[in-house]
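In: Sequence isn't available, so here's the structure alone:
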């Protein structure tokens, strides 16, 4: 490779997902617009401080519901790893893939028994709720 290239994101190999550190979503993201039901947790898998891009695990407790339709200024991709998730009343099975381009309105979301989702964001995470 010619020239120097700074690595903004550190490599991650062999991460044991059973031992990640779960953080309350509001504590992690601060005041970016989230109004979440109690119990929504996030674990950072990888992040790029230069761009705000990140890969995170999201854990939703049984009975969790979003407040209504929402959108983000970043691309958000998700893979349902375990549990159940409903998007706009459509039941999703584990390993369902979701892609919400920046500005795309989606939701509401809910889970009956709880779930864990792997999510990728191409920039800083924010949310705008559009009622419900």
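Out: Arrived safely, thanks for sending. Not measured: the values here are computed from a predicted model.

In: Can you tell me the closest non-neighbouring residue to residue 74?
Out: The spatial neighbour of residue 74 that comes closest, neighbours along the chain excluded (C-beta to C-beta, 6 or more residues apart in numbering), is residue 123 at 3.9 Å. From N, CA and C alone the C-beta is placed, and that goes for glycine too.

In: How many residues are close by that neighbour?
Out: By other C-beta atoms under 10 Å, 16 other residues sit near residue 123.

In: Spell out which residues sit in contact with it, please.
Out: 51, 52, 53, 73, 74, 75, 102 (C-beta atoms under 8 Å, 6 or more residues apart in numbering).

In: which parts of the worst-scoring helix or strand of the chain on mean pLDDT are buried?
Out: Taking mean pLDDT, DSSP states H and E as the measure, the chain has helix 25-29 as its least confident helix or strand, at a mean of 78. Neighbour-count burial for helix 25-29, counted by 16 or more other C-beta atoms under 10 Å, picks out 25, 28, 29.

In: got it, and stretch 65-81?
Out: Buried residues in stretch 65-81, counted by 16+ other C-beta under 10 Å: 66, 67, 69, 70, 71, 72, 74, 75, 76, 78, 80, 81.

In: my read: the second one touches residue 130, true?
Out: What it means is residue 67. No: Residue 67 is beyond contact range of residue 130, at 9.7 Å (criterion: C-beta atoms under 8 Å).

In: Name whatever forms a beta bridge with the residue nearest to the spatial centre of the chain.
Out: Nearest to the geometric centre of the chain sits residue 119, at 4.2 Å (C-alpha atoms, centre = their mean). Beta-bridge partners recorded for residue 119 (DSSP bridges): residue 56, residue 78.
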